[in-house]
Every structure is written in structure tokens, then in C-alpha cells.
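Asks: just need the structure, nothing else, for what follows:
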Amino acid sequence: MLKASAWIPGTGLVADPPREKFAELMKRDDVVLWLDIEAATPSEIAILRSPFNIHPTAIDECRDYTALPKVENFDHYLLVILHRIQFDPKTREVELKEIDFLLGKNWLITVRQDSSTSVDDVQRRLQTHTDLIQEGPARLMAEIVEVIMSKYLPMVEFLEKEIDVLEEAMLTGGHAVDAYGRILSLRHTVVALRRSLVPQREVIQRLSREEFRLAGGSAVLHLREAHDELYWILTELEIHRELLTSAFEGHAAMAANRLAEVSNRMNRVMEKLSRFATIFMPLTLVTGIYGMNFEHMPELHYRWSYPLLLCLIAGLGFALAWYFRKTLPAPLVDPVEEETQRLMTRVWRRPSEAPKPGGMPHH
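Replies: Purely as a prediction, here's the structure:
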């Protein structure tokens, strides 16, 4: 799909001029022509070859996705490749899309693979602010670049809110099941954004320094504003990356503490069971001996054998319990109980006595 706009002195803004007049309009220095190509068809690609005489390499760059933004200077035009963001807060889906600018002396071509709200916003704004195109194609490109940078702000705010939620959950003791997956997903998003925006900042910086003759004029100030905004976005992303790293380490420490707590609980249970088993081992030995069905066991026929055996078992059990209590260390303290006791403990300090008038303070 191709949309064209042209500013013609004496006529004004003309929407969708005929394609056969593109060559004529390009030859006029007082005319500014803007072509926006979305999902280019073979016939639209042919327009890039003639009458605009775009190099085949530049056409291939526009048709294929370029991993990193860049700017290339050809004979009579500039090729500027930038990345734009598509972010849906409801589905939390982030996608980086490419947008290509072919900037000539009095014409601008934008090439994109699908719809772009940034370009659509500028096209609507152009209906009431024709000065954007009157100032030249570079000014028009700078306006689109500014809108592209502004589309990153909702993503930065979304990351900040997500990090606040993770930190609050960590401070209040909450632990979401997908905390690790969410942190890793956000970190991957931040890394992908930085990988795209760092070279994009270099491209916009080169354009704003008037390194290229075609990108001069009033567009420089707006490109500098876009560069400043991009610098702020990268600074925020770096802060978010550090916060996500800290959140990941914090959740890992919390998980380690929970594992240690479970291990301590298990050790405490095993210790109690071991003590009970050790106490009942000699008692089981005694009852096992006297539970044998031998005929000649004289003590079985005594009148007081049963109560004496019960006393022996009870005394032996109490003696072993007392011995273990004195010789073995105390059982592990429950971390939850320990934390509760620590919070309930208050420290009272006696206020220092004020020195008497005329007296010297005691050291």
C-alpha cells in the first residue's frame, strides 16, 4: 500500500498525487514529496528503482529486517534504518519493528512491513500542520522519529510498575509462583530494548550533529530532542536492568531461606524421632527378653515381678531422657518463632540524667 503527500507552492498540500507525476515533482526544488509504503508490492518496489533511482542494496535493506539501526550515505539520498516498538499493555507483548527512511533533497520515502501508529499519527497531524512538510523532508523525518521515541515511554512505565510489584511482593513476604519466570522475561525485554536502542542513539546523534547535509536545517533541533529523550530512556532501562538483577537475587535468597527452613524443620523432626527411638531401644530390649517363651525363667513366678518390671522400664526411660537432655544440644529453634519473639522484644533505655546546674557532667 502506498500513500503519497506533496506540498506544492500555490496549490498547498496534495494527497495522493498520481504516480506518473512523481518524476516531475522530484525535479522541482520548491516541491516536497512524501511517499509512505506499507508492505511493498512489486509495483511499489519498481517506483523505488525509477524514478527515485534507489540503489538495489538500499532496496534490499528496506525489504529485509535489519538487526541493528544504521545510517548510510548514498550519492543523492540517505538511508536511515530505525526500530520502532509495538507494545500492548493488556497482553504484555513487546515487538520491535523496522522502519526505513530514504531521505532525498526534496523527497522522503518511509518503508515499513506493517502498520505503524507513529507514521499514522504524523499523517493525521500533517492535515492541520502543513508546516511539517513545508520545512522540508528532513523536518518530516525528524517529526516521525520524535513520535517513534515517544512510543517507548509506555513500555518504560510498564517496566517500572512491574518492578515495583515484584519488590513489594518480596518485601511483604509474598512469593508468586512465576516470579522467576516474570523476572527473566522482563530482563530479556530490557536487554532486547537496549540492544536495539544503543545503536539507534548513535544514528540519531549522527543526524543531529549535522554530519549529513540532507539532514540539516530545522530538523536538527527536533533530532536533538529525540536524542535526549532516547538517552533518558536508555538510562531508565539501565536502572530497570539493575533493579531486576537485584530482584532476581532477592527472590533467589528467599528461596534459599525457605529451603533452609524446610531442611531445619526436617532435621528437628528427625532429631526428635531419633531421641525417642534411642530411649525406647533399651526398653524394647527388656520387654523382648521377658517376652520370650522359655519355661525356666524364675523371676517370672515372683509375685512382684510385673510391677518391678514396669518400674524398671519407667526408671530406665526417665534416666535416658534426663541423660540426653543434659548431654545433647538443644533442638533447633523454629525460625518463624524466633522472628516472632524478636519482633515482640523491646529494648528500653534509661534516659540519661541531665547535669545539675553549675555541676560538671560525670564521665
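
Asks: where's Leu108, which helix or strand?
Replies: strand 107-112 (DSSP states H and E).

Asks: I'd like to know which elements that strand is packed against.
Replies: strand 32-38, strand 93-103, helix 137-150 (3 or more CB pairs under 8 Å, 6 or more residues apart in numbering; DSSP states H and E). For every residue, glycine as well, the C-beta is placed using N, CA and C.

Asks: below-threshold pLDDT in the chain: ranges please.
Replies: For the chain, applying pLDDT under 70 flags the ranges 173-178, 328-363.

Asks: what segments of it are strands?
Replies: 2-8, 12-15, 32-38, 70-73, 78-88, 93-103, 107-112 (DSSP state E).

Asks: and of those, who's closest to Ser246?
Replies: With distances scored as CB to CB, the stretch of those nearest to Ser246 is strand 93-103 (21.8 Å).

Asks: follow-up on the earlier one: can you tell me which of the strands of the chain is nearest to Pro154?
Replies: strand 78-88 (6.1 Å).

Asks: tell me which stretches of the stretch 151-300 of the chain form helices.
Replies: Secondary structure of the stretch 151-300 of the chain (DSSP state H, counting those that start in this stretch): helices located at 153-171, 179-208, 219-289.

Asks: deepest-packed of those helices, please.
Replies: helix 179-208 (a mean of 18; mean count of other CB atoms under 10 Å).

Asks: the closest residue to Leu166 other than its chain neighbours: what's it in contact with?
Replies: For Leu166, ignoring the flanking residues on the chain, the nearest one in space by CB to CB, 6 or more residues apart in numbering is Ala247 at 4.9 Å. Ala247 sits next to Ile163, Leu166, Glu167, Met170, Ile183 when contact means CB atoms under 8 Å, 6 or more residues apart in numbering.

Asks: got it, and Glu44?
Replies: By CB under 8 Å, 6+ apart, the neighbours of Glu44 are Leu2, Ile37.

Asks: again with Val14
Replies: Ser5, Ala6, Trp7, Ile8.

Asks: looking at those residues, which is nearest Lys70?
Replies: For the contacts of Val14, the nearest to Lys70 is Ser5 (26.4 Å; CB to CB).

Asks: so the closest one sits against Leu13, correct?
Replies: Yes: taking contacts as CB atoms under 8 Å, Ser5 lies within contact range of Leu13: 6.5 Å.

Asks: more neighbours: which of the two?
Replies: Comparing Ser5 with Leu13 by other CB atoms under 10 Å, the one with more neighbours is Ser5, at 21 against 15.

Asks: show me what the closest residue to the more buried one other than its chain neighbours is bridged to.
Replies: Nearest residue to Ser5, sequence neighbours excluded (CB to CB, 6+ apart): Trp34, at 4.7 Å. The bridge-partner assignment for Trp34, based on DSSP bridges, gives Ser5, Leu108.

Asks: contacts only, for Trp34.
Replies: Counting by CB under 8 Å, 6+ apart, Trp34 has contacts Ala4, Ser5, Ala6, Trp107, Leu108, Ile109, Thr110, Ile133, Pro137, Leu140.

Asks: most neighbours out of the residues you listed, which is it?
Replies: Pro137 (27 neighbours).

Asks: how near is the closest residue to that residue other than its chain neighbours to Leu184?
Replies: Among residues not flanking Pro137 along the chain, Leu108 sits closest, at 3.6 Å (CB to CB, 6+ apart). Using CB to CB, to the nearest Å, one obtains 41 Å as the distance from Leu108 to Leu184.

Asks: just Ile289 next, same as before
Replies: 63 Å.

Asks: go on, Trp232?
Replies: 26 Å.

Asks: try Arg268
Replies: 34 Å.

Asks: show me the contacts for Ile47.
Replies: So Ile47 contacts Leu2, Arg19, Phe22, Leu35 (CB under 8 Å, 6+ apart).

Asks: pretty sure the third one contacts Leu48?
Replies: Read that as Phe22. No: using CB under 8 Å, Phe22 is not in contact with Leu48, being 10.7 Å away.

Asks: in the sheet, who's paired with the closest residue to Val80 other than its chain neighbours?
Replies: In space, and not counting its chain neighbours, Val80 is closest to Phe101: 4.1 Å by CB to CB, 6+ apart. Residues in a beta bridge with Phe101, per DSSP bridges, are Val80, Thr110.

Asks: any idea how far Phe101 lies from Ala142?
Replies: In terms of CB to CB, Phe101 sits 10 Å off from Ala142.

Asks: higher neighbour count, those two?
Replies: Counted by other CB under 10 Å, Phe101 and Ala142 do not tie: Ala142 has more neighbours, with 27 against 24.

Asks: got the angle for the strand holding Leu108 vs strand 93-103?
Replies: Relative orientation of strand 107-112 versus strand 93-103 (axes from the mean of the first three to the mean of the last three CA atoms, to 10 degrees): 160 degrees.
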